[in-house]
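# this one's structure only:
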């Protein structure tokens, strides 16, 4: 009975060791490395999407606080507008609201 117990323990240890070695070998094989790299890529892509969403939200808040028109993602800045924003970020020429233009022209 004791011998049968130790044979069973040895067999279980052998099966565990073989499975562990196969798993480790697969992890460092080209296909295993590709699987892990794909997971990291998905995580990085998700993080970048969250950062972009946060940036867009913060930009909308800043544009609202400065009285500028909402950013139109389909209309990129012209080189002149980009240079104007770089040189004078708070200037009225940097895409003001159309309503603000009307009220400014009336008050002047």
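Sure, I can see it. Keep in mind that this is a model prediction, so the values were computed, not measured.
# now the helices for the protein?
Counting by DSSP state H, one finds helices in the chain at the ranges 2-27, 30-66, 79-87, 98-107.
# Rebuild these as JSON lines, extending it with mean pLDDT and mean neighbour count.
C-beta coordinates here come from the backbone N, C-alpha and C atoms, glycine included. Shown next, in JSON lines, are the helices of the chain (pLDDT from 0 to 100; neighbours: other Cβ atoms under 10 Å):
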{"stretch": "helix 2-27", "mean pLDDT": "94", "mean neighbour count": "10"}
{"stretch": "helix 30-66", "mean pLDDT": "87", "mean neighbour count": "11"}
{"stretch": "helix 79-87", "mean pLDDT": "78", "mean neighbour count": "11"}
{"stretch": "helix 98-107", "mean pLDDT": "46", "mean neighbour count": "10"}
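# any idea how far residue 12 lies from residue 37?
34 Å (Cβ to Cβ, to the nearest Å).
# Also residue 63?
38 Å.
# Kindly report the same for residue 79.
On the measure of Cβ to Cβ, residue 79 and residue 37 end up 38 Å apart.
# And for residue 26?
When distance is defined by Cβ to Cβ, residue 26 is 14 Å away from residue 37.
# Same question for residue 13.
33 Å.
# where does the residue nearest the centre of the chain sit relative to residue 83, distance-wise?
Centroid-nearest residue in the chain, with Cα atoms, centre = their mean: residue 48, separated by 1.3 Å. Residue 48 is 27 Å from residue 83, where distance means Cβ to Cβ.
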